[in-house]
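Asker: when you get a sec, could you give me coordinates for this:
(chains A and B)
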Amino acid sequence: MAKILIVEDEKAINDLVKFNLELVGHECKQVFDGESGLTEALKFKYDLIILDVMLPEYSGFEIMEHIEGTPVIFVTAKSAQQDKIKGFRLGADDYITKPFNIVELVERVKAVLRRTKAYINYFEFDDIRVEFDTRRVYKNGEEISLKPREFDLLEVLINNRNLALSREKLLRLVWEYDFEGDTRTVDVHIQRIRKKLEIFDRIQTVYKTGYRFEI
Amino acid sequence: MKMRFWQKTYIFTLVLFLVCLNVGILSLTVYTYRKNVEATETAVIAEQYYVAMSFERDYDYLTETSAYSSPSLLMQSFGVYYADKGLFLAFKENESTIYSSFTNEYEINKNTLLHTDFEGKRHIVISSEICEGKYDMIFAKNVEFLDSEFRSLMFTYGLTSIGVSVLLAILLYFILKKLSVPLEKLRKTTEVIESGDFSVTAEEKGSDEFTLLARSFNAMLAKINEQMAALEREAENNMIEAERKQMLVDNMAHELRTPLTSIHGYAEFIEKANTTEERRLIAAKYIVSESERLQKISQILLDGAFIRENEIDMDDIDLGTIITDVSEKLQMRAEKAGVEIVCDALPAFIKGNETLLSMLFYNLTENAIKACSSGGRVKLSCLGNEAIIEDNGKGMTKEQLLHITEPFYRTDKSRSRAEGGAGLGLALCKQIIQTHGAEMRFESQIEKGTKIFITFTRRQ
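Answerer: Numbering: from 1, shown residues only, chains lettered A, B, ... in the order given. I've put the predicted structure just below:
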């Protein structure tokens, strides 16, 4: 989906970011210090750079000053307000502080990509085509009518594909508020999507967790 | 009304002086006048005596030569004669006036002298018995010059008094003003200080009380400045200390968050991701290794806290044995890294805690091995109360040497992490050194190696 450069000296964190971004279909390149990060960023065209602030050789801020045109998300343990402000002033598109969770990372990456890059406005799997800008879904070339919430839910599942999303998380992402009460709303909508698109295997129920769109 | 000291002094001095001056001059004037009056009286008495004597002589002569001559005629001739000279005469016999050149009848007791006014003019009047008590003669002389003399004396006195007063007022004003100049300067200095400028000093010229005051004042000011400087230094130190603590907290947060992020992230990954078995295994391994790292950090922090909080038992121990043990323990590790480890330790007894010192030398030797590349050499030695750990590894810069004992500081961040360090080892070592009252000194050169000297105080 997008070409992403990960500059992070901590191998564990670097792998963690890579594994998760690859799950949702991005292509990742890993580097472990500031110097190779800068070289890599200047040499190749990336859609997004995930940048640590505390790095050997050059700091994330220093690298940031030399990069133009490529969106950047800072990932760091430095949560101090000044650092955030400094990051944004240098033109960072977003700022994630450790510890972060996977869905947060994926959602922020998606949000930045949607803002900065000609967004891929459709997604195809099996015999189904989902168009995000027109909000239409086709199966075998025939349009399937989905209600707005059903479409939103499908979009979130596709964007976070291969990741299990809890019912609460889905409520928050789709209905956009903290829904304390009935998580059965999610179940009902999932059932309807499965039925309308006849995709019973693609949307998996993950035991004790939630739902996962697998591909 | 607010008056300055010098103004008060001026007014009181002036008033006091003027009172004294005027009382003085006035007394003098009155005394002079009295003397004048006395002298005049004496002269008048003499004159009266002369007139009386002349009259008696003429009277005796007349009564001897002609029995029928009238004394009243003699009296008249005397009266007329002396009236031209400004003298009045009157003669009485048994209280009845025989002759008088006075314009009005005048009564006066026998044998008296008094001053009185005739027609608005001052006269001295004397009455006396003459001719063996047969007659009373009243004699009056114009002495109005005494009044004019008194007026002129008073005038002189007034003029002198005013003149001296004015002169004194002016001179005193300038003298006091000049004397109070140092005080005024001191006051201005205090005003400057009040406005917050403590860099000024009072002028110390001369040797009077004001100079002494200025000197004391300057001494006080110096003391205050000193105190303020001390306070400022302290505040600055506190700031530096606060910054250092903030940095420590930041570093600690970073060190703890990194493994936590990994553990949390990979656990979430295993729980939620639709991924391969291989990746799940990698994730699980990361969880294990990062937990170990967290464990290690917390262990070091706990060790540090333990050393800080507890009384450490100090025994007589052999430094040589400890160093030899450490080198043996790390032999395998060194061989793996291709580093030769040499130990040259003679027995050296010191007071110390065996566990802590083992920890210290283990840490330092481990660091030395890490600093070496394959083919390197680490040498441990001990002589007397000094232990030396020497390596021929990559060395450190002066800047790095300054920071190495700070918690969470790393000379080479990525490499140290990859080897599982937390940047706490040397901070702990420093603490152990401090607990033992020992000294640790580093000598290092880039690409040449590092030498660490540890000096213990001798066993008592």
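
Asker: test my guess that residue B:361 contacts residue B:387.
Answerer: Yes: Residue B:361 sits in contact with residue B:387 when judged by CB atoms under 8 Å, with a separation of 7.3 Å. C-beta here means a position set from N, CA and C on the backbone, and glycine is covered the same way.

Asker: so what sits against both of these two?
Answerer: Taking CB atoms under 8 Å, 6 or more residues apart in numbering or on different chains as the contact definition, residue B:361 and residue B:387 share the neighbouring residues B:323, B:380.

Asker: state the distance from residue B:435 to chain A.
Answerer: The gap separating residue B:435 from chain A is 31 Å, by CB to the nearest CB, to the nearest Å.

Asker: let me see the contact set for that residue.
Answerer: The contact partners of residue B:435, by CB under 8 Å, 6+ apart, come to B:307, B:312, B:353, B:356.

Asker: out of these, which end up buried?
Answerer: Using 16 or more other CB atoms under 10 Å in any protein chain shown as the burial test, the contacts of residue B:435 include B:307, B:353, B:356 as buried.

Asker: in JSON lines: those residues, plus secondary structure.
Answerer: Converted to JSON lines, the buried ones among the contacts of residue B:435 look like this (DSSP: H, G, I helix; E, B strand; the rest coil):
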{"residue": "B:307", "secondary structure": "helix"}
{"residue": "B:353", "secondary structure": "coil"}
{"residue": "B:356", "secondary structure": "helix"}
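
Asker: which one of these sits closest to chain A?
Answerer: When those are compared for distance to chain A (CB to the nearest CB), residue B:307 wins out at 27.1 Å.

Asker: re the thing from before, any chance of the contacts of residue B:435 in JSON lines with distance to chain A and pLDDT as columns?
Answerer: Shown next, in JSON lines, are the contacts of residue B:435 (distance: CB to the nearest CB, whole Å; pLDDT from 0 to 100):
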{"residue": "B:307", "distance to chain A": "27", "pLDDT": "77"}
{"residue": "B:312", "distance to chain A": "34", "pLDDT": "77"}
{"residue": "B:353", "distance to chain A": "35", "pLDDT": "85"}
{"residue": "B:356", "distance to chain A": "31", "pLDDT": "85"}
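
Asker: and those, which two are furthest apart?
Answerer: Within those, B:307 and B:353 form the most distant pair, 9.1 Å apart (CB to CB).

Asker: give me the helix or strand of the chain that scores worst on average pLDDT.
Answerer: Just so you know, I chose chain A. Every helix and strand in chain A was compared by mean pLDDT, DSSP states H and E; the lowest is helix A:81-89, with a mean of 76.

Asker: not quite, go with chain B.
Answerer: Taking all helices and strands of chain B together, the one with the lowest average confidence (mean pLDDT, DSSP H and E) is helix B:413-418, at a mean of 51.

Asker: and whatever helix or strand comes next after that one, what's buried?
Answerer: Past helix B:413-418, further along toward the C-terminus, the next helix or strand under DSSP states H and E is helix B:425-435. Buried residues in helix B:425-435, counting neighbours by 16+ other CB under 10 Å, are found at B:425-433, B:435.

Asker: same deal with stretch B:99-117?
Answerer: Under the neighbour-count criterion of 16+ other CB under 10 Å, stretch B:99-117 has B:99-102, B:106, B:108 buried.

Asker: and whichever strand or helix holds residue B:336, how far from the chain's centre?
Answerer: With elements taken from DSSP H and E, the one containing residue B:336 is helix B:331-337. In terms of CA atoms, centre = their mean, to the nearest Å, the centre of helix B:331-337 is found 70 Å from the chain centre.

Asker: partner strands of the helix or strand following it, with direction?
Answerer: Using DSSP H and E, the helix or strand that follows helix B:331-337 towards the C-terminus is strand B:340-345. When sheet partners are counted by DSSP bridges, strand B:340-345 sits next to strand B:377-383 (parallel).

Asker: now the angle from the helix or strand harbouring residue B:355 to strand B:340-345?
Answerer: Remark: residue B:355 resides in helix B:354-371, with elements defined by DSSP H and E. For helix B:354-371 and strand B:340-345, the angle between their directions (axes from the mean of the first three to the mean of the last three CA atoms, to 10 degrees) works out to 150 degrees.

Asker: burial measure for the nearest residue to residue A:14 once chain neighbours are set aside, as a count.
Answerer: Using CB to CB, 6 or more residues apart in numbering or on different chains and skipping the chain neighbours, the partner closest in space to residue A:14 is residue A:8 (4.1 Å). As a burial measure, the neighbour count of residue A:8 was computed by other CB atoms under 10 Å in any protein chain shown and equals 26.

Asker: what sits against residue A:19?
Answerer: Residue A:19 neighbours (CB under 8 Å, 6+ apart): B:269, B:273, B:275, B:279, B:282-283.

Asker: any chance of the residues you listed in TSV with distance to residue A:139, pLDDT and neighbour count as columns?
Answerer: Supplementary listing: these in TSV, determined by distance: CB to CB, whole Å; pLDDT from 0 to 100; neighbours: other CB atoms under 10 Å in any protein chain shown:
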residue	distance to residue A:139	pLDDT	neighbour count
B:269	32	90	24
B:273	27	86	22
B:275	28	86	18
B:279	32	90	17
B:282	37	92	18
B:283	35	92	23
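
Asker: keep only those of those that are in helices.
Answerer: When the contacts of residue A:19 are checked against helices using DSSP state H, the ones located there are B:269, B:279, B:282-283.

Asker: now the strands for chain A?
Answerer: A:3-7, A:27-31, A:48-52, A:72-76, A:94-97, A:122-125, A:128-131, A:136-139, A:142-144, A:164-166, A:203-206, A:210-213 (DSSP state E).

Asker: those: which one's closest to chain B?
Answerer: The closest approach between chain B and any of these, judged by CB to the nearest CB, belongs to strand A:164-166 at 3.7 Å.
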